[in-house]
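>>> predicted model and sequence follow; I will ask about them next.
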2 protein chains.
Amino acid sequence: MAREIEVVSNKQVIFKNYVTGFPKESDMNVTTSEVELTVPEDCRNGVLVKNLYLSCDPYMRSRMRNIPSDDPNFSPFLTGSPVKSLGVCKVVDSAHSEFKKGDLIWGLTNWEEYTLIKSPEGFFKIQHTDVPLTYYTGILGMPGMTAYFGFYDICSPKKGERVYISAASGAVGQLVGQFAKLSGCYVVGSAGSKEKVELLKNKFGFDEAFNYKEEPDFDSALKRYFPEGIDIYFENVGGKMLDAVLLNMRVNGRIAACGMISQYNLENPEGVHNLMTIVYKRILIKGFVVVDYFNQYSKFLDFMLPKIKEGTITYVEDIAEGLENAPAALVGLFSGRNVGKQVVAVAHDGGIRK
Amino acid sequence: MAREIEVVSNKQVIFKNYVTGFPKESDMNVTTSEVELTVPEDCRNGVLVKNLYLSCDPYMRSRMRNIPSDDPNFSPFLTGSPVKSLGVCKVVDSAHSEFKKGDLIWGLTNWEEYTLIKSPEGFFKIQHTDVPLTYYTGILGMPGMTAYFGFYDICSPKKGERVYISAASGAVGQLVGQFAKLSGCYVVGSAGSKEKVELLKNKFGFDEAFNYKEEPDFDSALKRYFPEGIDIYFENVGGKMLDAVLLNMRVNGRIAACGMISQYNLENPEGVHNLMTIVYKRILIKGFVVVDYFNQYSKFLDFMLPKIKEGTITYVEDIAEGLENAPAALVGLFSGRNVGKQVVAVAHDGGIRK
């Protein structure tokens, strides 16, 4: 007896063209196609998922250039195909022995309502559903691991050390600041609006915070907040800010190079001039990409879940409703429109459309 | 009975003025004063030394600026006082219990024939004199330790890795290259003349070497010698070279930031643009200053002395004769006039003038 295959409409966000300068909403198209809600017979290990929550992350800008990369995490999007990002999904149909219908999972998916994942091995199963599911795009997902491993593994914080975080109210920064406070550090963050600065001080417990857009001279600003210098810098922005930070690092300071969002939309990145300080201040700079830590996810969850449930760590999200608002949400990252972790809600129910 | 105090003439190299741009011989004065060959009564722990060999090192440029430093290794020279550097000395008179007349020692001394060292605690006693004494300014002194700890401690070399060394025929670079060969690495060095390139390949056993002055495009040059990229970069020059190296590093590459000689004479250091590669290639950059390793000197000697005696490691020095040639020798470092470690011989005999 032939299987009855249900076909439904599938709204998609299509990547239109490679991008120069700041990405625009018009670099993406929202269209509708159709999808079968069944894993095809020839897709032996596939799963068909309903996408619930999609993640907007700054690193996605690097995939909007047509620059080949050996690293699949940074390889270019395909024009005419959906944008890709991490997301929280519900399994609708499965041909894979480790996933079954109804499972909640997170991993790399497409910007559309339903996606056929041909090799779901990289996905994590969501075991804990007594927290918001959106958290698996943020505090319990890639940004959370970025903050956790970047701060504890690379920065080796010690009590009393002075920590500076740029892009501090973002998906990663807000967590690094809270971790640093848990470690007994003095913590200062910068962000791009008064509202975000208030959030840093009042919601996340940073000791100080400033609006970098109101500081004509980053060096002076840092000297004001760090008269004795910076031990740890969690680098999210690069360029002029990094240059100023280098002038203010303490001997044996550590810089976790997580991202450099100020540079992503420049065809010619800014020059950084103060690298000589690396030598005489014995500075460590270490770049990292969080996928290298994905095999330690359960260690991370053991740390993070109790802190969320006890209220020791808090998390602010900025949720855009509907795939049609996804392009604006992604583009908004680069002008700092989002307050907190930017998420796109595709479907809230998590149920299977029927 | 009153002590008879011998007074002798004391040739000196006096630091005349702080320097902008490239240092010139005329920034120093060679003069002659007088000195008592006895530690004064009120100098309870002093030693009076005869300076035999003085070291010319690129870091000395940083002491020719009037920029205060918390770090005594980088504090400005005093105008009107002798230039200071590491040197090999013979004790002429001692009021210190740990040093006695006739001891050979090395440490921070003045550019003059005789120096009263008020606090000789930082000096190392020379126990092994079956090697050239000049070696204690180089392969057995600060540059040797710089190469050893910088390479083994910071670069963590593994067999088969690809190592690039800039300023490779210098006091440090020539040793790093030989260490890298001992570790089973593929080693390429750059230097500033045909003669130096020959030395790298024929004397020090580098796999390849090139004259950076003949390369209009460092990126292309590096791609030619490292088609698969660089695992380890031993950074001695900074600026444009560092920028090109960053484009050619492999994932998980390491950069030991030892110095940036191309930048020392610039009032405005060059901008380095390719720092984004630090993130996605997970690069480690670590600055270091060798004085932090001075407490491990005996470990270093245990490694190095047998290698010198067996001929496993070789060392090329460029010895200027006489204090009157010291200014030219120091200035020559910054145009690359020296071939190998630049030393100034003040007195060869090591004896006490009488």
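Great, that's in hand. Numbering: from 1, shown residues only, chains lettered A, B, ... in the order given.

>>> which residue packs closest to the residue in chain A that chain B sits nearest to, ignoring adjacent ones?
Of all residues in chain A, A:G271 sits closest to chain B, at 1.5 Å by C-beta to the nearest C-beta. From N, CA and C alone the C-beta is placed, and that goes for glycine too. Nearest non-adjacent residue to A:G271, counting by C-beta to C-beta, 6 or more residues apart in numbering or on different chains: B:G271, 1.5 Å away.

>>> I'd say the one you found and A:H273 touch.
Yes - B:G271 is in contact with A:H273 according to C-beta atoms under 8 Å; the separation is 5.3 Å.

>>> give the buried residues for stretch A:281-294.
Buried residues in stretch A:281-294, counted by 16 or more other C-beta atoms under 10 Å in any protein chain shown: A:281-290, A:293.

>>> again, but for stretch A:219-226
Neighbour-count burial for stretch A:219-226 flags A:219, A:221-222, A:225-226 (criterion: 16+ other C-beta under 10 Å).

>>> stretch A:321-337 now?
Residues A:323, A:325-327, A:329-334, A:336 are the ones in stretch A:321-337 that count as buried (16+ other C-beta under 10 Å).

>>> adding pLDDT, write the buried residues of stretch A:281-294 out as JSON lines.
Shown next, in JSON lines, are those (pLDDT from 0 to 100):
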{"residue": "A:K281", "pLDDT": "95"}
{"residue": "A:R282", "pLDDT": "96"}
{"residue": "A:I283", "pLDDT": "98"}
{"residue": "A:L284", "pLDDT": "98"}
{"residue": "A:I285", "pLDDT": "98"}
{"residue": "A:K286", "pLDDT": "98"}
{"residue": "A:G287", "pLDDT": "97"}
{"residue": "A:F288", "pLDDT": "96"}
{"residue": "A:V289", "pLDDT": "95"}
{"residue": "A:V290", "pLDDT": "95"}
{"residue": "A:Y293", "pLDDT": "97"}
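
>>> so which bits of the stretch 101-250 of chain A are right by chain B?
Contact residues (C-beta under 8 Å from any C-beta of the partner chain) of the stretch 101-250 of chain A with chain B: A:238, A:242.

>>> mind listing the helices for the stretch 101-250 of chain A?
Using DSSP state H, counting those that start in this stretch, the helices of the stretch 101-250 of chain A run over A:142-148, A:173-182, A:194-198, A:218-225, A:239-248.

>>> give me the neighbour count for A:P306.
For A:P306, the neighbour count with other C-beta atoms under 10 Å in any protein chain shown is 11.

>>> could you do A:T137 as well?
Neighbours of A:T137 (other C-beta under 10 Å): 30.

>>> contacting residues for A:W106?
By C-beta atoms under 8 Å, 6 or more residues apart in numbering or on different chains, A:W106 lies in contact with A:86-89, A:123-124, A:126, A:136-137, A:141.

>>> okay, strands next: where are they in the stretch 151-300 of chain A?
Using DSSP state E, counting those that start in this stretch, the strands of the stretch 151-300 of chain A run over residues A:162-165, A:186-191, A:208-211, A:230-235, A:249-257, A:284-287.

>>> Serialize those strands to JSON lines and add fields for distance to B:H348.
As requested, those are arranged in JSON lines below (distance: least, C-beta to C-beta, whole Å):
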{"stretch": "strand A:162-165", "distance to B:H348": "52"}
{"stretch": "strand A:186-191", "distance to B:H348": "56"}
{"stretch": "strand A:208-211", "distance to B:H348": "61"}
{"stretch": "strand A:230-235", "distance to B:H348": "48"}
{"stretch": "strand A:249-257", "distance to B:H348": "39"}
{"stretch": "strand A:284-287", "distance to B:H348": "43"}
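
>>> deepest of the ones you listed, which one?
Mean neighbours per residue, mean count of other C-beta atoms under 10 Å in any protein chain shown, is largest over the strands of the stretch 151-300 of chain A for strand A:162-165, with a mean of 28.

>>> returning to that earlier point: ok, the buried residues of stretch A:321-337 vs B:P72, which is closest?
Nearest to B:P72 among the buried residues of stretch A:321-337: A:G336, at 43.5 Å, using C-beta to C-beta.

>>> isn't that closest one up against A:G192?
Yes - the pair A:G336 and A:G192 passes the contact test of C-beta under 8 Å, sitting 4.1 Å apart.

>>> what's the first helix or strand after the longest helix along chain A?
Looking across chain A with DSSP state H, the single longest helix is helix A:297-310. Using DSSP states H and E, the helix or strand that follows helix A:297-310 in sequence is strand A:317-321.

>>> that next one pairs with which strands, parallel or anti?
Sheet pairing here is set by DSSP bridges, and for strand A:317-321 it gives strand A:341-345 (parallel).
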